[in-house]
Structure formats: structure tokens, C-alpha cells
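Peer 1: sharing a sequence plus its predicted fold:
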Amino acid sequence: MQEKLKDFSKKLSEVKDFFQTEIKTLRTGRATPMMVEDIKVDYYGSRSPIKQIASISLSDPRTIVISPWNRDNLIDIEKALRENDLGVNPINDGQVIRVILPSLTEERRRELIKVLSAKTEESKIKGRKAREEVIDKIEEMEKSGLISEDDKFRAKDEIQKILIEFNADLEDIREKKEKEIIAI
């Protein structure tokens, strides 16, 4: 039974990590290399993240500079940036690509907060699905006589505590990201 609880905690940790990866691409008022580093680029027949084929830096708080290690990749990187929904217009000067982030409008900030809330809810749903899966396994263990009914109820209580903590962590992450989006 402890193994099932560990598996459940591990699954929730994976969901939280995925959530954090997903929201780091949401634009805030400041540029950050994380916004573009995982965007996939066609690179010699395979899809590779920008961070594997170029260096990414900031020239000022609103400008990301992407310097590919091979200049032949400039067009592919530019294309990938345009296709991604960052809402930016990359500038290719033949040496580097500059991504200048325009100031966020109030309307765009509200849209980003809605996207953030949707991603938070998706992660919470994944957590609830994981809870249902582990509860089903524990109930099967009880039916087959591997654990007692009391153990089953203790496990359900522990699972619920873990899920409540997981949801609180997600909300903390969401609130921090929302503050970044709202900040001018």
C-alpha cells in the first residue's frame, strides 16, 4: 500500500513539473529565455528545442537574442518562432534573431490569466484522475484480502491529504505567475 502512495505522489510530482514547464512559456512583462528555449525547430530532419541548437540571451528586459551555432538554422528558428503562439515578430538580421516583446495590453493580460487558469485546472484534473486510479487499485487490494478495510480508509485519507497539498502547490504557482503577468 505504501508503494501505491509513493507512486501517487510521484505521479503528482510529474504533473506539477509538467505544469511548471507549460506555464513558463506564458509571456509576462519581462523577457526570459525560458519563453523560447523549448520551442521545437526542424533541425536536419528532426525536431529539436532551440536551446540545443542556439544560445539564448537577453539584451534588455524586453529583447531575447537567439544566436544559432550554425547560421544556416536562422530561417528555421525564425519560422518556428512565428508558428508558435507567443504573439511576437522575430527579427532576423543574418547573424542573430531578436525577439522584441511588445508591452502587454490589459486585454492580453486578461487572456493570459485565462490561459493560466485553464492550465491550472487541467493539472488539477490530472491529479484527480491519478487519485481515482490509485483508489481503484487500493480497493482491489482490499477485495483480494491484501489489506484490511481500515487500511483502505487510512490510505484514502492519506491520498486526499496528498491531493489537497498538490492543489495548494498548484495554486501557489498560479498566483505567482499571475502576479508576473499583471506586473507592468
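Peer 2: Received, thanks. Residues are numbered from 1 along each chain as shown.

Peer 1: make it CA atoms for all contacts and neighbour counts henceforth
Peer 2: Noted.

Peer 1: distance of residue 99 relative to residue 2?
Peer 2: Using CA to CA, to the nearest Å, we find residue 99 at a distance of 49 Å from residue 2.

Peer 1: typo on my end, it should be residue 129
Peer 2: Distance of residue 129 to residue 2, given as CA to CA: 19 Å.

Peer 1: looking at those two, which is more packed in?
Peer 2: Taking other CA atoms under 10 Å, residue 129 and residue 2 do not tie; residue 129 has more neighbours (12 against 8).

Peer 1: the more buried one - that's part of a helix, no?
Peer 2: Yes. Under DSSP: H, G, I helix; E, B strand; the rest coil, residue 129 falls within a helix.

Peer 1: low-confidence ranges, the protein, go.
Peer 2: Low-confidence segments of the chain, defined by pLDDT under 70: 27-29, 85, 184.

Peer 1: quick one, strands of it?
Peer 2: Remark: strands assigned in the chain by DSSP state E are 40-43, 46-49, 54-60, 63-68, 91-92, 97-100.

Peer 1: figure out how far stretch 2-18 is from the centre of its chain.
Peer 2: 16 Å (CA atoms, centre = their mean, to the nearest Å).

Peer 1: in it, what's buried?
Peer 2: Neighbour counts over stretch 2-18 (16 or more other CA atoms under 10 Å) mark 4-5, 8-9, 11-12, 15-16 as buried.

Peer 1: who's in contact with it?
Peer 2: Stretch 2-18 is contacted by residues 123, 126-127, 130-131, 134, 138, 155, 159, 162-163, 166, 170 when judged by CA atoms under 8 Å, 6 or more residues apart in numbering.

Peer 1: next step: the buried residues of stretch 2-18 restricted to helices.
Peer 2: Among these, DSSP state H puts 4-5, 8-9, 11-12, 15-16 in helices.

Peer 1: ok, back up a step: and the contacts of stretch 2-18, which two are the farthest apart?
Peer 2: Using CA to CA, these span at most 25.5 Å, a distance reached by 138 and 170.
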